[in-house]
Every structure is written in structure tokens, then in C-alpha cells.
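> pasting a predicted model and its sequence here:
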Amino acid sequence: MGRHVVIGVNTWVWVSPLTDGTLARLAPRIAGWGFDVIELPIERPGDWDPAKAAALLRELGLGASVVLTMPPGRELVGASPPVVQETQDYLRHCVDVAVTVGAPAVCGPAYSSVGRTWRLSPGERRAVYAELGAGLKPVLEYAAERGVRIGVEPLNRYETSVINTVEQALEALPEECGLALDTYHMNIEEKDPLAAVRLAGDRIAHIQVCGTDRGAPGSDHFDWPGFAAAVRDVDYRGPLVIESFTADNKTIATAASIWRPLAASQDALATEGLAFLRTLEDVTARPS
């Protein structure tokens, strides 16, 4: 029998931004369906109360993961010192939230705003990566002092020109920085997603999953058994978190290019994805 796979779901499946009220309505349902973890996005500090969230999740027996967001104006590269400072302050806030809710990592594209793209020569790319390392350093130190890991996420070519692949992430990021992998982006950018997981190895801080169309995992062409085996091989023990979005929210639908329903309902996307991911537990068993 395989080991229990820790499975979570991001509240973006239903709503954006997250608030105390929407979390109070969603969390009991998520726990009741059998999820282990609820993923909490921090779009704007103050949208929801971390202490209230922590108490609610404790009551429901849910773990937490935390994702950062990078809207226009949050930049660690190619920006003025005040903008970089404000972004670092936001990232430190995310670390504080993670401590409060008990999340082991803060993950997301912590380099430039999503949707910002520009051409980079090899020399310019090296300079941007050096700038990124310098911008991340104080945040990584702050996180390490508090026992929180930072996981930086490669995004697809339409959302960033800074880091698209695991190989680029390993080149760009300081050794003490983790990686956050997302199967949606990997399906677009990695020639071999399974090899990319193994290349990332113990640098993996977090994994998000969804179908190749952003729908439920398992409803698509992705090699899920192979992916589960690669996750087993690198001994990743964190959650697999379903991240998708709702077409009902204009802002998030536009940001994530969700122009049509991706399942019969958002609840179905979550529960069908959960049921499928549970079938992978035997794949994660290590040979005796």
C-alpha cells in the first residue's frame, strides 16, 4: 500500500480575494470532502485575518499552505529601490502569515509581476538573476530565522520571461531558496516534466497540480502515474495542492485566462481532482 498523499486545494478554485467570511464558508466543506490542506493566497495584506484562519483550521483539522501573489507593482528585478523594498516587505509579511497559520513554506513567482515580459540577452539574464539573488537574500534570511521555506515558482512564457523552467530556477536562485512546481506551467515549458521533478530534487518546497487545461487533475493527458513516481523518487513529503480558478470572478478569470467552465462545477473540480489524486497513493509506495 502506498503512503498517504497529503492533498490540498487553493481557495482560488472558488473565490478571489479570500476574506474571513469566504474562508469560514469554504473551510468546513473542504475538510468534509477529505482534503488535508487548504491553500491560502495573500493578495493584499489584511484581506483575511491569519489568527482567525489558524483557529478555524485547527478546529477543522486542516493544514495550511500559503501562496504569494505578484500583481503589477511587486517586483524584485528591473525596478526602483523603493519598489523592491516594498516587495520585500510584502514577502516578509507572507512569512509572518505562514508562521501564524502553521504553513511550512511561502510559494509563488517571487521575482516580477505576473504578465510582465521582456526580451533578455544571455548577459542581461545573468544580470537579472544576480539582481534577483540580491533581492531575495534578506527575505530568505528572514524566513530561515522563522523556520519557513521560500519556494519560487517558474511560470510559463506568457506570464513571465524571467524563470520558465526548473533548470532556469536552479541557475537563478540562491542555494538556500526552494522551488515551487506547478504542473500547469511544467506541461507548457518542460520538455520532460518528470525529469524536471527529479532535477529539482530536494529543492522542491511545494507542488501545485491541475489538469493541463487548469481543470481537475486526471481529466487530461498528463502522465500522472509517472509524475507521482518522480515525486516519490525525490522523497517530496509536502502537499499536492489543486490550484485552479473560477470563471465567475472577472478579475481572476482575466488574470488566469479562464474563459469557460473547466468542470461541471467548481466543487466538482475540487472533489474529482481529490478522488483522482488518491488513486496515485499506490504509486508513491517505496519498494520494501
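Thanks, I have it.
> and the strands in the stretch 151-288 of the chain?
Under the criterion DSSP state E, counting those that start in this stretch, the stretch 151-288 of the chain contains strands at 178-182, 204-209, 240-242.
> okay, now the unreliable bits of the stretch 101-250 of the chain?
Applying pLDDT under 70 to the stretch 101-250 of the chain flags no residue at all.
> for stretch 231-249, measure first residue to last.
Stretch 231-249 has an end-to-end distance of 33 Å (criterion: Cα to Cα, to the nearest Å).
> roughly how far is that stretch from the heart of the chain?
Between the centre of stretch 231-249 and the centre of its chain there are 7 Å (Cα atoms, centre = their mean, to the nearest Å).
> which parts of that stretch are buried?
Within stretch 231-249, the residues that qualify as buried are 231-232, 236, 238-247, 249, counting by 16 or more other Cβ atoms under 10 Å. (Glycine included, C-beta is placed from N, CA and C.)
> now stretch 267-274
Leu269, Ala270, Thr271, Glu272, Gly273, Leu274.
> among those residues, which lie within helices?
Judged by DSSP state H, the buried residues of stretch 267-274 include Leu269, Ala270, Thr271, Glu272, Gly273, Leu274 as members of helices.
> reformat those residues as TSV; add distance to Pro225 and pLDDT.
TSV is the format used below for these (distance: Cβ to Cβ, whole Å; pLDDT from 0 to 100):
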residue	distance to Pro225	pLDDT
Leu269	21	97
Ala270	21	98
Thr271	21	98
Glu272	17	97
Gly273	16	98
Leu274	17	98
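> what is the nearest of the residues you listed to Ile258?
Taking Cβ to Cβ as the measure, Ile258 lies nearest Leu269 of these, at 11.1 Å.
> show the contacting residues for that closest one.
Val13, Gly215, Ala216, Ile242, Ser244, Leu262, Ala263 (Cβ atoms under 8 Å, 6 or more residues apart in numbering).
> distance of the third one relative to Gly108?
Spatial separation of Ala216 from Gly108 under the definition Cβ to Cβ, to the nearest Å is 22 Å.
> let's have the strands of the stretch 151-288 of the chain in a markdown table, adding distance to Glu75.
Below are these laid out as a markdown table (distance: least, Cβ to Cβ, whole Å):
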| stretch | distance to Glu75 |
| --- | --- |
| strand 178-182 | 18 |
| strand 204-209 | 22 |
| strand 240-242 | 25 |
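> nearest to Trp48, of these?
Proximity to Trp48 (Cβ to Cβ) singles out strand 240-242 among these, at 17.6 Å.
> of all the buried residues of stretch 231-249, which two lie farthest apart?
Maximum pairwise distance among the buried residues of stretch 231-249 (Cβ to Cβ): 35.4 Å, between Arg232 and Asn249.
> chain neighbours aside, what residue packs nearest to Asn164?
Closest residue in space to Asn164, ignoring its immediate chain neighbours: Glu189 at 4.6 Å, by Cβ to Cβ, 6 or more residues apart in numbering.
> just the strands in the stretch 1-150 of the chain please.
Counting by DSSP E, counting those that start in this stretch, the strands of the stretch 1-150 of the chain are 7-10, 37-42, 63-68, 105-108, 149-152.
> just checking: what are the partner strands of the fourth one?
Neighbouring strands of strand 105-108 in its sheet, by DSSP bridges, are strand 63-68 (parallel), strand 149-152 (parallel).
> and the contacts of stretch 212-232?
Identification of contacts with stretch 212-232 by Cβ under 8 Å, 6+ apart yields 5, 183-184, 187, 193-195, 197-198, 207, 209-211, 240, 242, 244-245, 256, 258, 262-263, 268-270, 272-273, 276-277, 279-280, 283-286.
> my error: substitute stretch 69-83 in the last question.
With Cβ under 8 Å, 6+ apart as the test, stretch 69-83 has contacts from 41-43, 84, 86-88, 90, 108-116, 118, 128, 131-132, 135-136, 162.
> try 7 Å this time
Residues outside stretch 69-83 that contact it (Cβ atoms under 7 Å, 6 or more residues apart in numbering) are 41-43, 84, 87, 90, 108-114, 128, 131-132, 135-136, 162.
> cool, stretch 181-192 as well?
Contacts with stretch 181-192, where a contact means Cβ under 7 Å, 6+ apart, come from 153-157, 164-166, 193, 196-197, 200, 204, 207-210, 212, 214, 222, 227, 243.
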